[in-house]
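Novice: pasting the sequence and the predicted model now:
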Amino acid sequence: IIDFLAQIEDFQKKLWLKKKFVVESNYLISLDRIPECFHEKVCAAINNREKSLQLDTWHDLYGLECQQVTPSFLQASPSLVLDTQHIDSVLRDEIVASISEVDCKTVGVLCQSNNFQALSLLGKVYEKSVKTIYIDPPYNTGTGDFLYRDGYQESSWLTMLENTLHQGKALLKPSGALFSSIDDNESHRLKLNLEQTFGRENHIADIVWQKRYAPDVRTIISDAHEYIQCFAVDRNLFGETRRKLPLGEAQTKQFDNPDNDPRGPWKAADFTAPGYRPNQMYGITNPAGETFFPPPGRCWGFTEEKYRELAADNRMHFGRDGKSRPAVKRFLGEMDGMVPWTWWNYQEVGHSQDGMKESVAYFGREGAFLTAKPLEMIKRVIRISSADNDVIADYFAGSGTTADAVIRLNQEEKATRRFLLVEVGEHFDSKLRCRIQKVGYSLDWKDGKPETTEGNSLLVKYLRLESYEDTLNNLLLQNSAVDLENQPIS
């Protein structure tokens, strides 16, 4: 019996590890990207209501009331997104072939599959080409309100994450990094898993995100935060490419120009540095005649020669009355941004209710994705860790907030980042693919309805992979007496 069961388990493993086929490949294309020479054919395909559901899809997504379309209608509606599953494959292939360098112009790729299978298939294509991975895996709380299976046994949860973390690391550039949301419940186990995958020396930060703006009165001590754990492939290489955050209102209001310096607003900054350097331990005399030396354990920030250059350039400050310790003037116009730190408050990146409200805006209250992270939080992850032309991956894609964040951040920075998202199950169509089509049509939504038609031009490829169940259903056992361990899979 044990041998028989072992054969079954080995056979199931073979089925699971079998490379899965791509069973569907289509595109989401904004109409402004489809050459006018195809408009007649596209109209004919869409107007064939027996074969095409595109008009019904536009009605469901955008509230568009239209019984048929014309070439002039297509030209006047550049933000509408065509789903090529609603036209015949020959026309689809002609349109795609007409787009020069289509892979480079593709904004992103969506893949419907178990993440293990998707990463196994896509690994060769994206190996060492992804700059940032952001994931929001199941928190293993057992509450049952998460899209993925929740409440795993510890060993199963750790194994599930360990497999995908190793696969994810293989996608990353040498300067790449992985960011993972997690709560207190499994934070320590996730960090151990990340240390084993990336090495403890490549830990970047445990970012604390303020998810609540008020205590939960139902709890003994209300939790106010979750974590975003960050590990790099190579800490030093990631540090060289890490970007600063733009200064916000809270930072810029610290700058003033009390002496009408022609270089504009400035603020007084500390002129000392930690440690002891003999050539930075000189005395500095302020305009009132008082001489200062560095405080214990510190030295001046520059040598005396450099200090004299700064003073001659009117970059030293001794208080409004000239009687204070020396400080250096930092001009707003010379600031290249702010170094990110580990405290992300809700005023800057949003809280959990903001994520839910954004989902309600896209899908209405009944269809909202209740555990969605806020856009601003994920935009910050992407902003500090990637730049123009980089690839951003998320293999627990959920409702597609990561793709949405890439699209919006690209628009803000005039950049061309691309995304790779993996999602399993029916939410791929009802949430992820739906959201991408919506943000392509309009950037402003309320209760599932667009408030404008000012969207973002899209060319997104989506794939469906053969599932484990498909493999079972298509299995051909060629002998009546089956040796499961040695049975070929076809």
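Specialist: Received the coordinates, thanks. No experiment lies behind these values; they were computed from the predicted model shown.
Novice: quick one: end-to-end distance for stretch 391-405.
Specialist: 13 Å (Cα to Cα, to the nearest Å).
Novice: centre of the chain to that stretch, how far?
Specialist: How far stretch 391-405 lies from its chain's middle: 5 Å, per Cα atoms, centre = their mean, to the nearest Å.
Novice: also stretch 372-381?
Specialist: So, by Cα atoms, centre = their mean, the centroid of stretch 372-381 is 7 Å from its chain's centroid.
Novice: ok, and what's touching that stretch?
Specialist: Outside stretch 372-381, the residues that touch it by Cβ atoms under 8 Å, 6 or more residues apart in numbering are 132, 134, 136, 179, 181, 209, 228, 245, 340, 344, 348-352, 354-356, 358-359, 398-399, 401-402, 404-405, 408-409. For every residue, glycine as well, the C-beta is placed using N, CA and C.
Novice: same check, this time on stretch 232-244
Specialist: 131, 169, 172-178, 198, 201-204, 336-340, 383-387.
Novice: buried residues in it, which are they?
Specialist: Ala232, Val233, Asp234, Arg235, Leu237, Phe238, Thr241, Arg242 (16 or more other Cβ atoms under 10 Å).
Novice: where does this structure dip in pLDDT?
Specialist: For the chain, the stretches flagged by pLDDT under 70 are 4, 7-8, 10-13, 15-18, 140-155, 468-490.
Novice: what lies in contact with the longest strand anywhere in the chain?
Specialist: Criterion DSSP state E: the longest strand present in the chain is strand 172-182. Strand 172-182 is contacted from outside by 128-137, 139, 165, 168-169, 190, 194, 198, 204, 207, 209, 226-234, 237-238, 240-241, 373, 381, 385, using Cβ under 8 Å, 6+ apart.
Novice: and the helix or strand following it, how far out from the chain middle?
Specialist: Toward the C-terminus, strand 172-182 is succeeded by helix 187-198 as the next helix or strand (DSSP states H and E). Distance, stretch centre to chain centre, for helix 187-198: 20 Å (Cα atoms, centre = their mean).
Novice: next secondary structure after helix 187-198?
Specialist: In N-to-C order, the element after helix 187-198 by DSSP H and E is strand 203-210.
Novice: that following strand pairs with which strands, parallel or anti?
Specialist: strand 225-232 (antiparallel), strand 343-344 (parallel) (DSSP bridges).
Novice: quick one: which of those is nearest Gly425?
Specialist: Across those, Gly425 has its closest neighbour in strand 225-232 (23.7 Å, Cβ to Cβ).
Novice: distance from the chain centre to that closest one, please.
Specialist: 13 Å.
Novice: so after that strand, what's the next helix or strand?
Specialist: For strand 225-232, the succeeding helix or strand toward the C-terminus, using DSSP H and E, is helix 235-241.
Novice: residue boundaries of the strands in the stretch 301-450 of the chain?
Specialist: Counting by DSSP state E, counting those that start in this stretch, the stretch 301-450 of the chain has strands at residues 316-317, 327-331, 343-344, 391-394, 418-423, 445-446, 449-450.
Novice: for Val460, which of these is the nearest?
Specialist: Nearest to Val460 among those is strand 418-423; the distance by Cβ to Cβ comes to 8.6 Å.
Novice: what lines up beside that closest one in the sheet?
Specialist: Strand pairing for strand 418-423, determined by DSSP bridges: strand 108-112 (parallel), strand 391-394 (parallel).
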